[in-house]
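# Sequence plus the predicted model coming up.
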Amino acid sequence: MRDPYEILGVRKDASKDEIRAAYRDLVKRYHPDKFQSNPDMLKLAEEKMKEVNEAYNYLINHADEGISYSTDDASIYAQVRQKIQSGALYEAEDLLIKILDKSNPEWYFLNGIIYAQRGWYNKAHEYIKHAHEMRPDNQEYAQAYKTVERASKSYGPVYTGGQMDEGTACLSCCATLACADLCCNCMGGGC
């Protein structure tokens, strides 16, 4: 998921009331019932509402949580890795979003791993490649880059803005398995 604040169109310090108001406005605008007569628009509205609902649920459940960034970035990145390993991708992404200095290759690498786990292979490739270019001596980045590079050449672009045609569905499954293996190996797991 993209930045949930961006999806709902609210500030990072928005209150629960502001989040609820933004959510209600988006529901009124994109509710699928409004598009029953147009199948193409109905599909887009359903996808938009799914994204809006995910963002809303995430923000409402986490709006009162304050994350302390007085610790150094290494500690935050360790937390992100733990969240990724446990499958808490939204929480991992939330930690990364709130890091102000996005010039660290670890920031790009971990975002790439999150994208890969979600099946967004083009974005995963972009972020992991950037991390690898910033730190070509880092073996973890190099291995992840090789794996994502191989997958992108073998499977081609699988993620296309939330839509997948029937021809890429099987490839997506295979690419997901390849990325899961990559993440387990890179993240210190023993699948």
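Alright, I've got the coordinates. Numbering: from 1, shown residues only.
# which residue sits farthest out from the middle of the protein?
Ser37 (32.4 Å; C-alpha atoms, centre = their mean).
# Make sure I have this right: that residue is in a helix.
No. Assigned with DSSP: H, G, I helix; E, B strand; the rest coil, Ser37 falls outside any helix and is coil.
# Can you list the residue ranges for helices in the chain?
Along the chain, counting by DSSP state H, helices occupy 4-8, 16-30, 39-62, 73-85, 89-97, 105-118, 121-134, 139-155, 166-186.
# same question for the shortest one, mean pLDDT?
For helix 4-8, mean pLDDT rounds to 86.
# quick one: contacts of it?
1, 11-12, 14, 19, 22-23, 26, 51-52, 54-56, 58-59, 90, 94 (C-beta atoms under 8 Å, 6 or more residues apart in numbering). (C-beta placed from N, C-alpha, C; glycine too.)
# Could you identify which of the helices of the chain is most buried?
helix 105-118 (a mean of 23; mean count of other C-beta atoms under 10 Å).
# roughly how far out does that one sit from the chain middle?
Chain-centre distance of helix 105-118: 8 Å, with C-alpha atoms, centre = their mean, to the nearest Å.
# same thing with stretch 116-132?
10 Å.
# Also stretch 89-98?
The answer for stretch 89-98 is 8 Å, by C-alpha atoms, centre = their mean.
# Let me see the contact set for Leu59.
Pro4, Tyr5, Leu8, Val10, Ala14, Ile19.
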